[in-house]
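*Asks:* Structure, please.
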Amino acid sequence: MKVIVIGAGISGLTSAIYARRAGCETLVLEKALGPGGLSTSWSRKGYTFEGGIHWLIGAIPSIPLHSVWLETGALQENNPVYFKDPIYTLVDGNQRIPLHRDFHGLPVKGLRDTLALLSLRFHVWCFRYFHQPITDLRGLKVREPRPFSVWEYVRMLPAVLITPFLLVQSSRFYAKRFASKQIRGLLAAVVNPRNNALSMIYTLSTFAAGDSGYPEGGSIRMAGNMADRLLSLGGEIRYRTPALGVEKSSEGWTVRTEGESVQADAVIISVDARTAIDKLFPEPLQDRWARKMRASLETTQCMFLALGIKTALAEWPRSMQVVLRRPLEAAGFKYETLVVNKYPSEEGFAPAGCCVLTCLLHGNSYGYWKKAKASGTYVQEKKAIVEQLIEVLGEVIPEIRGNVAVTDMATPLTYERYCSTFEGSYMTNWPAGKTVCHAPIRYRRGLYFTGQRTLYSGGLPPAAQSGRIVAQTLCKDFGLVF
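*Replies:* Here you go, the predicted structure:
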């Protein structure tokens, strides 16, 4: 049977690889020039800007998700994993305060901070065995079964019991239990403070367990590995080929592109489901879940800034939460701190003796940039923000002054243009006390959703997990052996 996958992001490649392993003729249609989707990197004048991975959950063999990264070829000998510690370092004037994986060295002062740290350690301890189970669908024919383990779920029980407590508060609110402004600043660097506290505790627990490393070569190498794995299995990828529509046909399904209409027995939609429900079908979908998604979706947007620096900045930490001396103003927001990641030349991100600095400015600025585009000020405003970044960051890191070789900036409009994401968002916000509306993995027999807006709030683990689940669902629907 023939399967078409729309989108060569991590979820699309995962589903395509597993479908091909099950014997399907597999074709991936991708609008961009290469694989990766939102998990990608790009180069400017010899500098490579990491736009996707900051850490990879499932980087160690003890985590079940690791097997998926191996089976899809995401992790190979060409991208060994680096495990940073500290996770982040707060740079506040002359002070440098690390956030280690085991939390030692935090500036705890007084009873309030002592109790708050004990509570944080306990919550992270509860999640020490928590992970995304990699199992098989009931009734599915499987070559290498993954049996259900009661003990696996029993060990996750402490995390399950405290999850309701964490879901009803934001990460920002959780951090306020610390009197120390510096500890609160470090915790704010871990996840978007708008998200619920569960996302922060779970992320910290993966670091505490020794997981969450950074694969050498980053997003582009990992996505390239997966694309190569699919091609080696006999699958096909067509780049620069956006899918314009999906329709039911007498022979199965038809996917329309700019040059032709391609027939398939099944279609896997691996683009943003929020975009797909309005733009990929003859009429916008009106199912209950689709209406709910339109009404309730809260997006996570950002502006991405990158600087190629003509010096190594060897004395500065790999990942920093930088307290600025004066705020950076961008798209109607004021930023008093910046999360800055440094990528050294030793890992191929910059010419010898140089480095790259990147930072994400969170905030829903899509509307702002749409107006700037309409008024013709888009390019000038981007340039002004980059220049302001160099100024305010140069007050903290003087070595970058006069040493900026190249700059780049992406706005939500950039994400929308290259990845077709709704309002240029890279994740779904999962706020405190609310549930997130997801698209169904199986919309109907032969038509499936995977990736963005299908599992949890987003990220690489749900992308891979949803890709595997959708391939299993397809195999079960058509009687194939997974």
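*Asks:* Going by C-alpha atoms from here, please, whenever you check contacts or count neighbours.
*Replies:* OK.
*Asks:* Surely Ile57 touches Gly459?
*Replies:* No: counting by C-alpha atoms under 8 Å, Ile57 does not reach Gly459; the two are 9.7 Å apart.
*Asks:* Surely Glu336 forms part of a strand?
*Replies:* Yes: assigned with DSSP: H, G, I helix; E, B strand; the rest coil, Glu336 falls within a strand.
*Asks:* So it versus Ala350, what's the distance?
*Replies:* Going from Glu336 to Ala350 by C-alpha to C-alpha, to the nearest Å gives 28 Å.
*Asks:* what do you get for Phe333?
*Replies:* To Ala350, Phe333 is 30 Å away according to C-alpha to C-alpha.
*Asks:* Mind checking which of those two has more residues around it?
*Replies:* Applying other C-alpha atoms under 10 Å to Phe333 and Ala350 shows that Ala350 carries more neighbours, namely 25 against 14.
*Asks:* tell me the contacts of the more buried one?
*Replies:* When contacts are counted by C-alpha atoms under 8 Å, 6 or more residues apart in numbering, Ala350 is found next to 46-48, 308, 343-344, 356.
*Asks:* Tabulate those residues in JSON lines, adding columns for neighbour count and secondary structure.
*Replies:* Shown next, in JSON lines, are those (neighbours: other C-alpha atoms under 10 Å; DSSP: H, G, I helix; E, B strand; the rest coil):
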{"residue": "Gly46", "neighbour count": "13", "secondary structure": "coil"}
{"residue": "Tyr47", "neighbour count": "24", "secondary structure": "strand"}
{"residue": "Thr48", "neighbour count": "24", "secondary structure": "strand"}
{"residue": "Gly308", "neighbour count": "28", "secondary structure": "strand"}
{"residue": "Tyr343", "neighbour count": "23", "secondary structure": "strand"}
{"residue": "Pro344", "neighbour count": "22", "secondary structure": "strand"}
{"residue": "Val356", "neighbour count": "29", "secondary structure": "strand"}
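*Asks:* Just the element for Leu118, please.
*Replies:* helix 110-126 (DSSP states H and E).
*Asks:* per-residue confidence averaged over that helix?
*Replies:* Mean per-residue pLDDT for helix 110-126: 97.
*Asks:* Contacts for that helix, please.
*Replies:* Outside helix 110-126, the residues that touch it by C-alpha under 8 Å, 6+ apart are 108, 156, 158-159, 162, 177-180, 201-202, 204-205, 208.
*Asks:* I'd like to know how far the closest residue to Gly353 other than its chain neighbours sits from Met320.
*Replies:* Spatially, and ignoring its direct neighbours in sequence, Gly353 is nearest to Ala312 (5.0 Å; C-alpha to C-alpha, 6 or more residues apart in numbering). Separation of Ala312 from Met320 (C-alpha to C-alpha): 15 Å.
*Asks:* Counting neighbours, go ahead and name the busier of the two.
*Replies:* A count of neighbours by other C-alpha under 10 Å puts Met320 above the other of Ala312 and Met320, at 26 against 21.
*Asks:* pLDDT averaged over the helix or strand where the more buried one lies, what's the number?
*Replies:* If you go by DSSP H and E, Met320 is part of strand 319-330. The average pLDDT within strand 319-330 is 97.
*Asks:* which parts of it are buried?
*Replies:* 319-324, 327-328, 330 (16 or more other C-alpha atoms under 10 Å).
*Asks:* Could you point out which of those residues is nearest to Leu361?
*Replies:* Ala330 (8.5 Å; C-alpha to C-alpha).
*Asks:* Nearest residue to the closest one in space, please, no chain neighbours.
*Replies:* Ile385 (6.1 Å).
*Asks:* Work out the gap between stretch 364-381 and the centre of the chain.
*Replies:* Relative to its parent chain, stretch 364-381 has a centroid offset of 25 Å by C-alpha atoms, centre = their mean, to the nearest Å.
*Asks:* Going by neighbour count, list what's buried in that stretch.
*Replies:* 364-366, 369, 372, 378, 381.
*Asks:* can I get those residues in TSV with distance to Asp278?
*Replies:* TSV is the format used below for the buried residues of stretch 364-381 (distance: C-alpha to C-alpha, whole Å):
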residue	distance to Asp278
Asn364	21
Ser365	22
Tyr366	18
Trp369	22
Ala372	25
Tyr378	26
Glu381	30
